[in-house]
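Q: Got a predicted structure here, sequence first:
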Amino acid sequence: MDKNIKAFTADIFKKGFEKSSKSFSNLSGEKVGIKKFELSLGKANDLMEKIFKNKNLYVLITDVIGEAKGKSYLVLNHNDAEEITGMLIRKMKNIENNDFYKEAILKEVDNVLAASVITELSNELDLKIFGDVPKFIKPEEANQEWLRSELELMNGTIAIYSSANFFFEANLKISPSFIWILDSDFNKAINQKSKEYAT
């Protein structure tokens, strides 16, 4: 993978994560910082299999629609999912700590993270793209059978893996991981814009 393409892509995703940290601050009422941002590119099958070796994972899937197509998989481990939902439920005070509200909050977390990155992709690549309503996959549903069905659609596809640690003032840290599957229109735009980025 060309170094300029990776650097350009990393810059887009890092900006997206930084914007999402501000949204998390507004949502939680706390200052939120980012550390240990990572990004890598590879075959979708390899990246998916690597992440889903772990168990008890919460997955939120967002379809990217518009002038280019794609799909993002937000992955949270059980502890991170419990911590972030618990904190936000305590902040809101008027809602109960149950599965219905946990799912709603995790969908909002996905909205914050995915929308921030999609906005940056749209701006930097000059593409009119949007995120669809996220789909929530429970840990018991994110099993090997589910993974195989997802992988069948990705054979040979190039994907982007990104992650970061989000630190909240209330001594809370979450470490979400993202896998982004992007179509050829995205790849063409990234290749073209990365040349401009290098000059």
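A: Yes, it's here. Numbering: from 1, shown residues only.

Q: Which residue ranges of this protein form helices?
A: Secondary structure of the chain by DSSP state H: the helices cover 3-28, 44-51, 78-92, 99-125, 144-151, 184-198.

Q: Please tell me I have it right and residue 114 contacts residue 71.
A: No: contact criterion C-beta atoms under 8 Å: residue 114 and residue 71 do not qualify, at 10.1 Å. From N, CA and C alone the C-beta is placed, and that goes for glycine too.

Q: To residue 134, which of the helices of the chain lies closest?
A: helix 99-125 (4.4 Å; C-beta to C-beta).

Q: tell me, what's touching residue 114 and residue 71 both at once?
A: residue 62 (C-beta atoms under 8 Å, 6 or more residues apart in numbering).

Q: what about those two, which has more around it?
A: Taking neighbours as other C-beta atoms under 10 Å, residue 114 and residue 71 compare with residue 114 leading, 25 against 21.

Q: okay, and for the chain, where does confidence drop off?
A: 1, 155-156, 198-199 (pLDDT under 70).

Q: residues touching residue 189, list them.
A: 68, 125-127.

Q: quick one: which of those residues is nearest residue 193?
A: Nearest to residue 193 among those, with distances taken as C-beta to C-beta, is residue 125, at 5.8 Å.

Q: hang on, the earlier thing: just the buried ones among the contacts of residue 189, please.
A: 68, 125, 127 (16 or more other C-beta atoms under 10 Å).

Q: Kindly reformat those residues as a markdown table containing distance to residue 84.
A: Shown next, in a markdown table, are those (distance: C-beta to C-beta, whole Å):
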| residue | distance to residue 84 |
| --- | --- |
| 68 | 30 |
| 125 | 29 |
| 127 | 30 |
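
Q: Out of those, which is nearest to residue 141?
A: residue 68 (28.0 Å).

Q: Just give the closest residue to the closest one, not the sequence neighbours.
A: residue 185 (3.9 Å; C-beta to C-beta, 6 or more residues apart in numbering).

Q: Quick one: residues contacting that neighbour.
A: 67-69, 127.

Q: can you tell me which two in those are farthest apart?
A: 69 and 127 (10.4 Å).

Q: joint contacts of the two?
A: 185-186.

Q: starting at the chain centroid, how far to stretch 72-85?
A: On the basis of C-alpha atoms, centre = their mean, to the nearest Å, stretch 72-85 sits 11 Å off its chain's mean C-alpha point.

Q: Please identify the buried residues of it?
A: 72-77, 80-81, 83-85.

Q: For my notes, please list those in TSV and give distance to residue 28 for each entry.
A: Converted to TSV, the buried residues of stretch 72-85 look like this (distance: C-beta to C-beta, whole Å):
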residue	distance to residue 28
72	22
73	24
74	18
75	21
76	16
77	19
80	14
81	15
83	12
84	9
85	12
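
Q: what's the closest of those to residue 152?
A: Using C-beta to C-beta, the buried residues of stretch 72-85 come closest to residue 152 at residue 73, 15.0 Å.

Q: show me what contacts that closest one?
A: So residue 73 contacts 48, 59-61, 178-181 (C-beta under 8 Å, 6+ apart).
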